[in-house]
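Visitor: Show me the folded form of this:
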Amino acid sequence: MSEDEKTPAREVIADYAQAHFRYFRTADGTVYAQRNGHPVARPIRSQGTTGSHRQELMVGLYKDGLGVFNGTALKEALDLIEALALTEDTEAVHIRVAPGFDGATWLDLGRSDGQSVRIHPTGWDIRTPDPREVCWRRTQLTGELPLPAKDTDGKGIDLLLRLCNFGGAATECLALAWLIGCLGPSVPVPAPFLTGPQGAGKSTGGRMLVRVIEGMSGDLRRAPKDEENLIAAVAAGWVTALDNLSHMTPDLSDAMCCIVTGAENVKRALFTDGDVFRARYRRPLLLTGIDVGVIRPDLAERLLPLRLERPRVRRTEAELWAEYAQALPVILGSLLDLTVKVRAAEAETPTDLRMADFAHLCAQLDAATGFGALAAYRASLDDLNDDVIEGDLLAQTVLRHADTLDPGTAQRMTSTEWLACLSRLYSGDDGRPLPKGWPTTGKVLSDRLKRLQPTLAARGVLIESGRTKEGRYLEMARPAPTAPPHEQPPLL
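Guide: Below is the predicted model of the structure:
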């Protein structure tokens, strides 16, 4: 055969690739390759240690006897494939959990054979998902889960609670509600904050909760120093667990709020001047620490405090984790059984809580088991409101002033007048100096009160803003207490 009759290497590679792989793009423009019949997809430009599509092609071509090709031919073939894929409709890829057909959800077990758990309205089973229904994305943070055990009769839940040092039944049911929420791809869940005295096993308890979802390779990590690194870690996994927090900056607090309820990060794409890269993320978050100092009100509404107690009997790490690894299939099977049972339960959605989806999940858990998770969740939010007030001198001063108002009355002033009023109240007769961070202008005071609105409303103080012909105003009100239904006067 003459040199002119030989098929160019790039065409051999492109034909082989299109015969053995399916190529598509996601909404952010990333092109993925998915081996025919397999649910795991890889970015074709990935160079990660989890295995790139380039490596897949090289191994496949070699094993099928087509030879070894140089980098130029591979690059030219992948450039063509990427250009063709960019003209196709967009599809979604998922990490760890994904929505399926007919109301089902999927849990990726992280196995090389692609076996996953399908959770449907009547139960759950283990199968390899149809690539048209689910496309999994794997990263270095995607650990392997064992095959869950069937017919556990709830033994796994008891094993998990026995291994963790939770401080009471209220904490236990909230931890279970969070784990069930982690198996839902569309339900935002508050971030558990594992706290307790030194030696209570906060880090160990956090690892145990994380590894139910992420496998034995899941672990805690230190909080990154900047938001960009935090978002990169969050986007590459499902559950993000930050260990031993002792201080929380405003930027980290805002980033955590976005992680819990979802946001989008946009930055300049590498090696370009005018293009951008978009990353959408909403992930379960877990925190551990003894004390993180002052908690901002918006983050407090997204936290789930779980208190742990010091164990009476200490065990070695090797003994503890050996027992946990042996029990993990039963723990996961029991959690899946409970998830199916909870999702089938009917319950009303509380309309007065910020995390309404999680509150509804707690109500479903109560309906299915009688645990009292919703009451425990409300109590935990009350405790967090107390923490916010105890750490904010402005909130304490506002509540002191509100105590001078009669129930059912309101007081209206400009923000500058409110600043003078609250400053005089804090300084008192002895004229003590205002604390560091006290509002310096009416605008700063107005912004601080807007942030404190939910916390103050939980203590019966309503802050509203508005405008009249004279200008803007702030109104502080104490609503009149409502009588129970049986004490209300009859309508005339």
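Visitor: Any buried residues in the strand or helix carrying R378, and which?
Guide: Per DSSP states H and E: R378 is located in helix 373-390. For helix 373-390, a neighbour-count test (16 or more other CB atoms under 10 Å) marks A373, L374, A376, Y377, S380, L381, L384, N385, D387, V388, I389 as buried. In short, each C-beta sits where N, CA and C put it, glycine included.
Visitor: Could you tell me which ranges of this structure sit under the pLDDT cut-off?
Guide: 1-6, 46-51, 265-279, 292-293, 482-492 (pLDDT under 70).
Visitor: quick check: domain ranges of it?
Guide: 8-85, 155-386, 392-478 (automatic domain parsing).
Visitor: Quote the end-to-end distance of stretch 300-320.
Guide: One end of stretch 300-320 sits 33 Å from the other (CA to CA, to the nearest Å).
Visitor: Make residue 1 into 23 and carry on from there
Guide: All right, first residue 23 from here; so that's stretch 322-342.
Visitor: got the contact list for the nearest residue to L182 once chain neighbours are set aside?
Guide: The shortest distance from L182 to any non-neighbouring residue, by CB to CB, 6 or more residues apart in numbering, is to I353 (4.9 Å). Contact analysis of I353 by CB atoms under 8 Å, 6 or more residues apart in numbering lists G178, I179, L181, L182, V234.
Visitor: For I353, what are phi and psi?
Guide: phi -60, psi -50 (degrees, to the nearest 10).
Visitor: how far away is it from G178?
Guide: Here the criterion is CB to CB, to the nearest Å. By it, I353 lies 4 Å from G178.
Visitor: do L375 as well
Guide: 29 Å.
Visitor: neighbour-wise, which of those two wins?
Guide: More crowded of L375 and G178, by other CB atoms under 10 Å: G178, with 24 against 17.
Visitor: residue contacts, the residue most central in space within the chain?
Guide: Centroid-nearest residue in the chain: P306, 2.2 Å away (criterion: CA atoms, centre = their mean). Applying CB under 8 Å, 6+ apart to P306 gives the contacts W200, G203, C204, V211, A213, I235, W260, V261, T262.
Visitor: Tell me where the stretch 273-422 of the chain has strands.
Guide: Using DSSP state E, counting those that start in this stretch, the strands of the stretch 273-422 of the chain run over 285-290, 298-303, 307-310, 325-329.
Visitor: coming back round to it: tabulate the contacts of P306 in JSON lines, adding columns for secondary structure.
Guide: Formatted as JSON lines, the contacts of P306 follow (DSSP: H, G, I helix; E, B strand; the rest coil):
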{"residue": "W200", "secondary structure": "helix"}
{"residue": "G203", "secondary structure": "helix"}
{"residue": "C204", "secondary structure": "helix"}
{"residue": "V211", "secondary structure": "coil"}
{"residue": "A213", "secondary structure": "strand"}
{"residue": "I235", "secondary structure": "helix"}
{"residue": "W260", "secondary structure": "coil"}
{"residue": "V261", "secondary structure": "coil"}
{"residue": "T262", "secondary structure": "strand"}
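Visitor: Return the member of those nearest to D152.
Guide: Nearest to D152, judged by CB to CB, of those is W260 at 21.4 Å.
Visitor: what about the residue lying closest to that closest one once chain neighbours are set aside, distance to A401?
Guide: Excluding the flanking residues, the one nearest W260 by CB to CB, 6+ apart is R118, at 3.6 Å. To A401, R118 is 30 Å away according to CB to CB.
Visitor: before we move on, back to that, just give me the closest of the contacts of P306 to P272.
Guide: Of all those, A213 has the smallest distance to P272: 16.6 Å, by CB to CB.
Visitor: Is there a neighbour count for A480? I'd like the number.
Guide: A480, neighbours per other CB under 10 Å, totals 19.
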